[in-house]
Structures are given as C-alpha cells and as structure tokens.
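In: Below is the sequence, then the predicted model.
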Amino acid sequence: MNLSLKDLPDEQWKPIKDFEEQFAISNKGRIKRLNTWTTNKIKTFLNEHIISLRFDVQPKNKAYYFYTLLSHNGKRSRITITRLLYYSFVEEFDLNDKTLIVVNENEPMWDIDVSKLSLNSIHSVFKRKT
C-alpha cells in the first residue's frame, strides 16, 4: 500500500459521495483524507493524508476484498473499495442497494484496473457459482 501523498502515474482523484469535502478516491484505489476541520466538540485541523485500507477474507471461496471506514459528523461508513471505484469511475448506481455487487476480475485482486470491474445482481453471481 503506497501511503505517499505523491500521485501515482496516471492517478486521478474524485470526491467520495456523501463525503465530498473530506475524502477523495483515486482510480488506483487509494483513499485520501483532505485537509479539513473536525466538527466534534473540540475543533481540530486534520492534514491531508492517504488512508490505510483494510481487507476481509471470505474463507469459503478464498476471496478477499479491500474496504475503508470513513467517518465525519458522527456518520461512520464501511465502504468496499471496488464498489466505490465502480461508482466513481465507471457508472453511478444506488450505493445503498445491497442486491448489486461489484465483481473484481483483476489478478491479483489488489492490482485494480477499473476496466475489470463489473456491476452485477447478487443473484446472477450466485447462479454462476452453482
């Protein structure tokens, strides 16, 4: 995970939906917290930095996915990186619709190319696996 603020080659940034003033995502799958003030009881200035990603493993099929936890104004959200990448760089869709999933066809999965992401219904994905 490259945590440097220096942009990677051909890296583009877009604001994250519902967190536009606080966070941005790059087409390389990196999340940047922007220079901002907290809105807690004690106001604190937070410098721009790249956020470390977390990952979760699904032991049954040995698949894994990266996610991040974003927090602002008491609102905390767990967002999968591929879902956010697809929404930001391919096509907007209802991020709250849990029947839609983004399939990551990248090998290895962490070396993300947005052209290898696809939006599918959860039912069609399960049909293919059976």
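Out: That came through, no problem. Numbering: from 1, shown residues only.
In: Under the pLDDT cut-off, which ranges of this protein? List them.
Out: Within the chain, the ranges that satisfy pLDDT under 70 run 58-63, 72-73, 126-130.
In: by contact count, what packs against the longest strand along it?
Out: If you go by DSSP state E, the chain has its longest strand at strand 63-72. Contacts defined by 3 or more C-beta pairs under 8 Å, 6 or more residues apart in numbering; DSSP states H and E place strand 63-72 against strand 54-58, strand 75-80, helix 81-89. All C-beta spots, glycine's among them, are computed from the backbone N, C-alpha and C.
In: Report the angle between the first one and strand 75-80.
Out: Taking axes from the mean of the first three to the mean of the last three C-alpha atoms, to 10 degrees, one finds strand 54-58 and strand 75-80 inclined to each other by 60 degrees.
In: from the middle of its chain, how far away would strand 54-58 be?
Out: How far strand 54-58 lies from its chain's middle: 13 Å, per C-alpha atoms, centre = their mean, to the nearest Å.
In: List the pairing partners of that strand within its sheet, with orientation.
Out: Sheet pairing of strand 54-58 (DSSP bridges) gives strand 63-72 (antiparallel).
In: could you check the angle helix 81-89 makes with the strand it pairs with?
Out: 60 degrees.
In: In strand 63-72, which residues are buried?
Out: Residues of strand 63-72 classed as buried by neighbour count (16 or more other C-beta atoms under 10 Å): 65-68, 70, 72.
In: can you check stretch 29-42 too?
Out: 29-34, 36.
In: Contacts made by that stretch with the rest, please.
Out: Here stretch 29-42 makes contact (C-beta atoms under 8 Å, 6 or more residues apart in numbering) with 2, 5, 8, 11, 13, 16, 21-26, 43-51, 53, 66, 68, 70, 72-73, 81-82, 85, 110, 112.
In: Then stretch 99-109?
Out: With C-beta under 8 Å, 6+ apart, stretch 99-109 has contacts from 63-65, 80, 82-83, 85-86, 93-94, 112-113, 116-123, 125.
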